[in-house]
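In: Turn this into a model:
(one chain, ligands or ions: 2)
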Amino acid sequence: MGERTTATTAPYTVGTAPFRPGDEPVFAKGFTEQPGDLGMPDPIKATADDTMAHAKGLVRVLDDAGNASGEWDPQLDEDSLKLGLEYMLRLRVFDDRMIKMQRTGKLSFYMRSFGEEAVAIAQTMALETQDWLFPSYRQPGAQFVRGRDMVSMICHCIGNTEDNVRGRQMPVHYTWKEGRFISISSPVGTQFSQAVGVAMASAYKGLDEVCITWLGDGTSAQGDYHYGLNFASTFKAPVILNVVNNQWAISTHKNLATGGRTFAERGLAYDIPSFRVDGNDFLALYSVTKWARKRAAAGLGATHIEVYTYRAGAHSSSDDPSAYRPQNEHELWPGGDPIDRLKQHMEKIGIWDSNQHDALIQKIDDEVMTAYKKACEFGDLANGPYPPASTIFTEVYEEVPWHIQEQREELGK
Ligand SMILES: Cc1ncc(C[n+]2csc(CCOP(=O)(O)OP(=O)(O)O)c2C)c(N)n1
Ligand SMILES: [Mg+2]
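Out: Ligands and ions are numbered 1, 2, ... in the order given. Predicted coordinates for the structure are as follows:
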């Protein structure tokens with residue numbers, strides 16, 4: 001999987017998608033990399049050089065049959081495994097209901113995390129509650145881990161009177177101060193610079209507060225990604241920098257976002273320990289993130305992680321992937337499904353079964369529907385009530401600039 005994706009001799013070619021609509025996707029049956037292939041370097045003593053094999057290879061804990069092994073096995077107890085599975089199911093069921101709401105005109109826009117549920121959930125579970133989250137739109141699941149109320153999330157997506165950002169953001173561009181979940185920016189990638197800056201401040205103040213941030217394979221072409229890496233490296237910022245390589249940036253394949261090396265390997269040039277991790281393997285993600293946090297908290301700076309996964313759903317409710325990739329590509333992708341893989345493992349060690357699984361899905365679905373109804377009591381998309389027009393002007397500037405004040409007066413709000 002660490003293969004180069006472009007030719008290195010003339011005639012030069014640029015990367016492209018391996019399969020297009022009408023093609024039958026042919027992937028290997030599973031990953032060639034196996035759990036146990038890569039050891040765990042000491043998080044305190046390791047240098048970037050000690051992670052070269054990890055940046056090229058793939059850190060895994062779960063094999064294709066659901067067995068956990070190797071030095072990276074975090075040995076999570078039964079309650080943590082069940083909690084992790086429940087958070088992932090909550091996100092999937094929530095997403096499924098919300099996309100149906102969008103399709104029936106009850107939300108204006110939506111983005112699912114389908115196939116990537118393990119990412120923010122395992123990684124946030126591996127952190128401490130005082131740590132700061134700088135997500136992209138594909139990590140809403142972190143809020144479930146931090147305990148955000150679902151009604152509040154739906155009120156935001158509707159943009160009603162209880163929306164905590166008063167309709168100033170697009171749906172799914174959550175912000176949640178209490179959970180240290182920083183506002184999602186529509187211009188992709190800006191969160192990298194923000195996370196590194198806050199991490200530098202936290203180190204300067206001597207606080208035990210680590211920052212984590214995520215951006216996508218496509219977004220790693222933005223300058224913010226490289227500024228972030230450079231500052232994190234230079235100032236030894238306590239930050240965990242993730243590139244979620246889900247193979248696609250809307251319709252652009254990841255082969256067109258890098259010259260050929262893995263995304264993880266780029267971190268080595270900045271002298272930052274770098275790992276490529278199986279992003280559908282809950283245990284591997286948890287473990288690598290714990291490693292990175294330990295290192296950051298010890299004052300040793302950043303870790304760079306490529307989360308290797310697959311965007312199983314559409315980019316957003318405005319996208320139709322059948323226009324640019326085979327419809328069944330996600331089913332054949334060798335990394336499998338993160339929820340199925342953790343479930344399979346839990347069944348294998350005798351702490352879970354299909355009946356419990358189905359009952360939990362039903363329970364969560366009832367919870368989502370109850371939350372949706374409750375949220376609509378504060379206004380629905382068709383009829384409101386909505387936040388007052390005056391909120392265009394409030395809660396953004398501490399001191400309102402004169403030209404904004406003038407506009408407000410003109411509007412009479
Ligand atoms: C600066 C900027 N350029 C372009 C866009 C439009 N846009 C939004 S998401 C996206 C693709 C991002 O893909 P990737 O980084 O791989 O993240 P993924 O959606 O796969 O999680 C683009 C081009 C934007 N929001 N901001
Ligand atoms: Mg992507």
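In: Leaving out sequence neighbours, find the closest residue to Ala375.
Out: Leaving aside its chain neighbours, Ala375 sits nearest to Ile154 (3.8 Å; criterion: Cβ to Cβ, 6 or more residues apart in numbering). Glycine gets a C-beta too; all of them are placed from N, C-alpha and C.
In: neighbours of the one you found, just the number please.
Out: Ile154 is flanked by 27 other residues according to other Cβ atoms under 10 Å.
In: I figured it was touching Tyr372, is that so?
Out: Yes: counting by Cβ atoms under 8 Å, Ile154 does reach Tyr372; the two are 5.7 Å apart.
In: need the contact list for the residue nearest to Ala375.
Out: Residues counted as contacts of Ile154 (Cβ atoms under 8 Å, 6 or more residues apart in numbering) are Met98, Ala371, Tyr372, Ala375.
In: Ok, Gln130 next?
Out: Neighbour list for Gln130: Arg180, Leu207, Asp208, Glu209 [criterion: Cβ under 8 Å, 6+ apart].
In: Now do the SS call for Ala199.
Out: Under DSSP: H, G, I helix; E, B strand; the rest coil, Ala199 falls in the helix class.
In: wait, isn't it in contact with Asp208?
Out: No: Ala199 is beyond contact range of Asp208, at 11.9 Å (criterion: Cβ under 8 Å).
In: Can you pick out the residue with more neighbours from the two?
Out: The neighbour comparison of Ala199 against Asp208 (other Cβ under 10 Å) goes to Ala199, with 32 against 11.
In: Would stretch 319-334 count as contacting ligand 2?
Out: No: contact of stretch 319-334 with ligand 2 (Cβ under 5 Å from the ion) is absent, the minimum separation being 12.0 Å.
In: buried ones in that stretch?
Out: By 16 or more other Cβ atoms under 10 Å, the buried positions in stretch 319-334 come out as Pro321, Tyr324, Arg325, Pro326, Glu329, His330, Trp333.
In: And for stretch 117-125?
Out: So, applying 16+ other Cβ under 10 Å, buried residues of stretch 117-125: Glu117, Ala118, Val119, Ala120, Ile121, Ala122, Gln123, Thr124, Met125.
In: Contacts for it next, please.
Out: So stretch 117-125 is contacted by 80, 83-84, 87-88, 91-92, 113, 133, 135, 138-142, 144-146, 212, 214, 240, 242, 244, 279-283, 285-286, 289, 307, 309, 338-339, 342 (Cβ under 8 Å, 6+ apart).
In: so which residue of this structure comes closest to ligand 2?
Out: Using Cβ to the ion, the closest approach of the chain to ligand 2 is made by Gly216 at 3.6 Å.
In: which phi and psi does that residue have?
Out: For Gly216, the backbone dihedrals are phi -90, psi 170 (criterion: degrees, to the nearest 10).
In: Surely Pro41 is in contact with Thr51?
Out: Yes: Pro41 is within contact range of Thr51, at 6.5 Å (criterion: Cβ under 8 Å).
In: what sits in contact with each of the two?
Out: Pro273.
In: Compare the two (neighbour count), which wins?
Out: Using other Cβ under 10 Å, the more surrounded residue of Pro41 and Thr51 is Thr51, with 25 against 19.
In: how close does the closest residue to the more buried one other than its chain neighbours get to Asp281?
Out: Leaving aside its sequence neighbours, Thr51 sits nearest to Pro273 (Cβ to Cβ, 6+ apart; 4.4 Å). Distance of Pro273 to Asp281, given as Cβ to Cβ, to the nearest Å: 19 Å.
In: Neighbour count for these two, which is higher?
Out: Asp281 (31 against 27).
In: which residue sits closest to Trp291 in space, ignoring its chain neighbours?
Out: Pro43 (4.9 Å).
In: Contact residues of this protein facing ligand 1?
Out: Within the chain, the residues that sit near ligand 1 (Cβ under 6 Å from any ligand atom) are 138, 186-188, 215-219, 244, 246, 248-250, 311, 315.
In: okay, who's weakest in the residues you listed by pLDDT?
Out: Among the residues of the chain next to ligand 1, Ser186 carries the lowest pLDDT, at 94.
In: so it touches Met170, yeah?
Out: Yes: contact criterion Cβ under 8 Å: Ser186 and Met170 qualify, at 6.5 Å.
In: Who has more neighbours out of the two?
Out: Comparing Ser186 with Met170 by other Cβ under 10 Å, the one with more neighbours is Met170, at 18 against 9.
In: and the more buried one, what are its phi and psi?
Out: With angles defined as degrees, to the nearest 10, Met170 sits at phi -70, psi 160.
In: That one is in contact with Ser185, isn't it?
Out: No: if you go by Cβ under 8 Å, Met170 and Ser185 don't touch, sitting 10.7 Å apart.
In: related to what we said a few turns ago, mark which of the buried residues of stretch 319-334 are part of helices, please.
Out: Glu329, His330 (DSSP state H).
In: Widest-spaced pair of the buried residues of stretch 319-334?
Out: Tyr324 and Trp333 (15.4 Å; Cβ to Cβ).
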